[in-house]
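Visitor: My questions concern the predicted model and sequence given below.
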Amino acid sequence: MPIQRYSRIAMILHWLIAVLITLNVALIWSVNLIPEDYIRFVIDAHKSFGITVLGLVLMRLLWRAANRPPDLPETYPPAERAAAHGAHLALYVLMIGLPLSGWMHDSAWKAAGEIPMYLFGLFQWPRIGWIMSVEPAFKERLHDIFGGIHVWLSYALYALVGLHIAAALKHQFWDGHPELQRMWPGGDAPAPSPLSPAQRPPA
């Protein structure tokens, strides 16, 4: 039976978003490890990657709305199908909420009015006007709030991405479903054989 695969555009957007998120996590975690002279460059790159991810995720949602993704295999138990749909929805919420909260956090920065933000150094990217126009003391409070939201959303994204990867590997190598082939470019590959009960490690 042919593998029900995602469209080529969906694959490109999926892997491009995954790579950019990985790079952005590496960038922000490197801030405390690099010389001070490079910190501003790294933070600016982090902002640019975040805005790019936001745009790509919105494109992915538009593509998904116009191009129905393949259904999950019928062999998946109902609980796993429901969990997969819920996890995908949560991933989209986080991939939108994380860069939005970062953008709001940056817009509430006290020096935002004096130091413009540039997207990859190419052109100026606007801050969020209503946040920049609030009274300075309240703006500082918003800066702390949006920063905290950004951090906690990032932890939630780490956990959910880890769960997403673990679930895909479980379906691929434990259950024998061609899960990775659905989102991997190239021709259809045969599904792996599921582990027999004797081969599976004890629970």
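Guide: Right, received. Where do you want to start?
Visitor: show me the contacts for the residue nearest to the spatial centre of the chain.
Guide: In the chain, the centroid-proximal residue (Cα atoms, centre = their mean) is Met95; its distance is 4.4 Å. When contacts are counted by Cβ atoms under 8 Å, 6 or more residues apart in numbering, Met95 touches Ile17, Ile21, Val53, Leu54, Val57, Leu157. Where C-beta positions appear, they are placed from N, C-alpha and C, glycine not excepted.
Visitor: by contact count, what packs against the helix or strand containing the fifth one?
Guide: Put plainly, it is Val57. In this structure, Val57 is located in helix 39-66 according to DSSP states H and E. For helix 39-66, the contact count by 3 or more Cβ pairs under 8 Å, 6 or more residues apart in numbering; DSSP states H and E identifies helix 8-29, helix 78-107, strand 117-119, strand 123-125 as packing neighbours.
Visitor: between the second one and helix 39-66, what angle do the directions make?
Guide: Spelled out, that is helix 78-107. Following axes from the mean of the first three to the mean of the last three Cα atoms, to 10 degrees, one obtains 140 degrees for the angle between helix 78-107 and helix 39-66.
Visitor: For Ala112, which non-adjacent residue is closest in space?
Guide: For Ala112, ignoring the flanking residues on the chain, the nearest one in space by Cβ to Cβ, 6 or more residues apart in numbering is Arg127 at 5.2 Å.
Visitor: whoops, I mixed them up, Gly113
Guide: The shortest distance from Gly113 to any non-neighbouring residue, by Cβ to Cβ, 6+ apart, is to Met132 (6.3 Å).
Visitor: Give the burial count for that neighbour, as a bare number.
Guide: Other residues lying near Met132 total 14 when counted by other Cβ atoms under 10 Å.
Visitor: before we move on, back to that, would you point out the most distant pair within the contacts of Met95?
Guide: Distance extremes for the contacts of Met95: the farthest pair is Leu54 and Leu157 at 13.1 Å, using Cβ to Cβ.
Visitor: Show me the contact partners of stretch 69-83.
Guide: Surrounding stretch 69-83, the residues in contact under the criterion Cβ under 8 Å, 6+ apart are Gln4, Arg5, Tyr6, Ala10, Ala84, Ala167, His171, Asp175, His177, Arg182.
Visitor: Please repeat the previous calculation with a cut-off of 6 Å.
Guide: The list of residues contacting stretch 69-83 from outside it, by Cβ atoms under 6 Å, 6 or more residues apart in numbering, reads Gln4, Tyr6, His177.
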